[in-house]
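Trainee: here's a sequence, model it:
(one chain, ligands or ions: 1)
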Amino acid sequence: IFLFSMKIMVLEKYFEKINFTAFSIHSPYNIQLNVPLDNEFKNERMSFGGHNKPENCIALQKIAIVIPFRNRESHLKIWLHNMHPFLQKQQADYGIYVIEQHGNLPFNRAKLLNIGYKEALKEYDYNCFIFSDVDIIPMDQRNLYRCSTNPKHMAHALDKFNFRLLYATLFGGVVAFTKEQFLKVNGFSNLFWGWGGEDDDLYKRVITAGMQIERMNNIISKTKAIPHKRDPGNEDNPKSTGFQHVATRNGEPLLEKAARRMYTDGLNSLNYTFIRVMKHRLYTKVLVDIGKPE
Ligand code: BGN
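Mentor: Sure thing, here's the model as predicted:
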């Protein structure tokens, strides 16, 4: 038994070695947080607007990464600096869309993400959408930024929560939907202004549409959330009884009626004014006027 277990140990060591040397995709990922302001990731093949596709193959998925945005230039720099090499090592065919909310009204993350979906489709035949906050960066190169057979939650093992899932139905930070999956839930609700709840609403839509959510294991999914204070203009949603911060409309808590509202509030009721699109080297920024809370 002793000799046998010694053999197993030697074999394990051997496999560990192969894993970490032969396939660079298995190596743990070092996130750089100190990015000089003028440092831009250089890849001559990359096209303007933050698009890239693999050189020697045709990727199955065409991925639009959509980031809701306002006043977070320093985070965006870090995100881009780390994520372009990350996505390119994963042989992704992708484009980066930063959707910026014009003005000082409360932030509406979910509506910006719906807009990103529509604006990205005007440019390319995307079939996978990864909706990501600007301050969340995966720590393991094996965390494939791809869509799956069900909507995928990709920010469940955050360093700031000790890499643990906060609650079973958490669906915030980063989620991945195929085009079909996103259409099936009619996108996000447009009615959540200020911080919180819009991701819980999306979770309810997914379940109501008869889908499940998927999560990869906690090790592969380890993720860094860049620490920061809450932004001005992103205060909690109006408070109502029972919950700490749940958006209400005419006194009615939105989250409770998520399932009933989903087919009338979302992509099919989306209304905004396009201001301009700016093609930067590492991303496409779309500035929009999203109106005001009803
Ligand atoms: C929850 C928020 C989510 C947020 C997570 C993690 C709400 C609705 C009231 C229950 N939900 O409390 O939006 O992603 O915390 O921070 O605010």
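Trainee: okay, and Asp199 sits in which element?
Mentor: Here Asp199, judged by DSSP states H and E, is contained in helix 198-208.
Trainee: same check on Phe274?
Mentor: Using DSSP H and E, Phe274 maps to strand 273-279.
Trainee: average pLDDT for that strand, rounded please.
Mentor: Averaged across strand 273-279, pLDDT comes to 97.
Trainee: convert that strand to CSV, retaining C-alpha atoms only.
Mentor: Extracted in CSV, the C-alpha atoms of strand 273-279 (Å, rounded to 0.1, in the frame of the first residue of the first chain):
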residue,chain,number,x,y,z
THR,A,273,-31.2,58.8,-27.2
PHE,A,274,-27.9,57.9,-28.8
ILE,A,275,-25.5,60.8,-28.4
ARG,A,276,-22.2,59.6,-30.0
VAL,A,277,-19.9,56.6,-30.5
MET,A,278,-16.2,57.0,-30.0
LYS,A,279,-13.8,54.4,-31.3
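Trainee: what's it packed up against?
Mentor: Applying 3 or more C-beta pairs under 8 Å, 6 or more residues apart in numbering; DSSP states H and E, one finds that strand 273-279 contacts strand 284-289. Where you see a C-beta, it was placed from the backbone N, CA and C, and this is true even at glycine.
Trainee: could I get the average pLDDT for stretch 146-166?
Mentor: pLDDT averaged over stretch 146-166 gives 97.
Trainee: what do you get for stretch 205-212?
Mentor: Stretch 205-212 shows a mean pLDDT of 98.
Trainee: confirm Ile78 sits in a strand?
Mentor: No - with DSSP: H, G, I helix; E, B strand; the rest coil as the criterion, Ile78 is located in helix rather than a strand.
Trainee: looks like Leu113 contacts Ser189 (just checking).
Mentor: No - applying C-beta atoms under 8 Å, one finds Leu113 not in contact with Ser189, separated by 10.4 Å.
Trainee: quick one: which of those two has more around it?
Mentor: Comparing Leu113 with Ser189 by other C-beta atoms under 10 Å, the one with more neighbours is Ser189, at 26 against 23.
Trainee: list the contacts for the closest residue in space to Lys184 that isn't next to it in sequence?
Mentor: Distances taken as C-beta to C-beta, 6 or more residues apart in numbering put Ala209 closest to Lys184, at 4.8 Å, once the chain neighbours are dropped. Neighbouring residues of Ala209 by C-beta atoms under 8 Å, 6 or more residues apart in numbering: Lys184, Val185, Met262.
Trainee: repeat that with 10 Å
Mentor: When the contact criterion is C-beta atoms under 10 Å, 6 or more residues apart in numbering, the partners of Ala209 are Pro151, Gln181, Leu183, Lys184, Val185, Asn186, Ala259, Met262, Tyr263.
Trainee: looking at the residues you listed, which gets the smallest pLDDT?
Mentor: Ala259 (93).
Trainee: what are the boundaries of the helices in the chain?
Mentor: Secondary structure of the chain (DSSP state H): helices located at 2-22, 73-89, 109-121, 179-184, 198-208, 258-261.
Trainee: nearest to Arg276, out of the ones you listed?
Mentor: Among the helices of the chain, the nearest to Arg276 by C-beta to C-beta is helix 109-121 (11.4 Å).
Trainee: burial measure for the residue of the stretch 1-150 of the chain found nearest the ligand, as a count.
Mentor: Closest to the ligand within the stretch 1-150 of the chain is Arg109: 9.1 Å, counting by C-beta to the nearest ligand atom. Number of residues near Arg109 (other C-beta under 10 Å) recorded here: 23.
Trainee: which ones are touching the residue nearest to it when sequence neighbours are not counted?
Mentor: Closest residue in space to Arg109, ignoring its immediate chain neighbours: Pro68 at 4.6 Å, by C-beta to C-beta, 6+ apart. For Pro68, the contact set (C-beta under 10 Å, 6+ apart) comprises 97-101, 107-116, 131-134, 198.
Trainee: Asp231 too?
Mentor: Arg70, Asn71, Arg72, Phe107, Trp195.
Trainee: do Val185 as well
Mentor: Counting by C-beta under 10 Å, 6+ apart, the residues that Val185 touches are 151, 177, 201-209, 211, 262-263, 266-267.
Trainee: so the residue of the stretch 1-150 of the chain closest to the ligand sits right up against Gly194, yeah?
Mentor: Yes - contact criterion C-beta atoms under 10 Å: Arg109 and Gly194 qualify, at 9.3 Å.
Trainee: quickly list what's touching both of those two.
Mentor: Between them, Arg109 and Gly194 share these contacting residues under C-beta under 10 Å, 6+ apart: Asn234.
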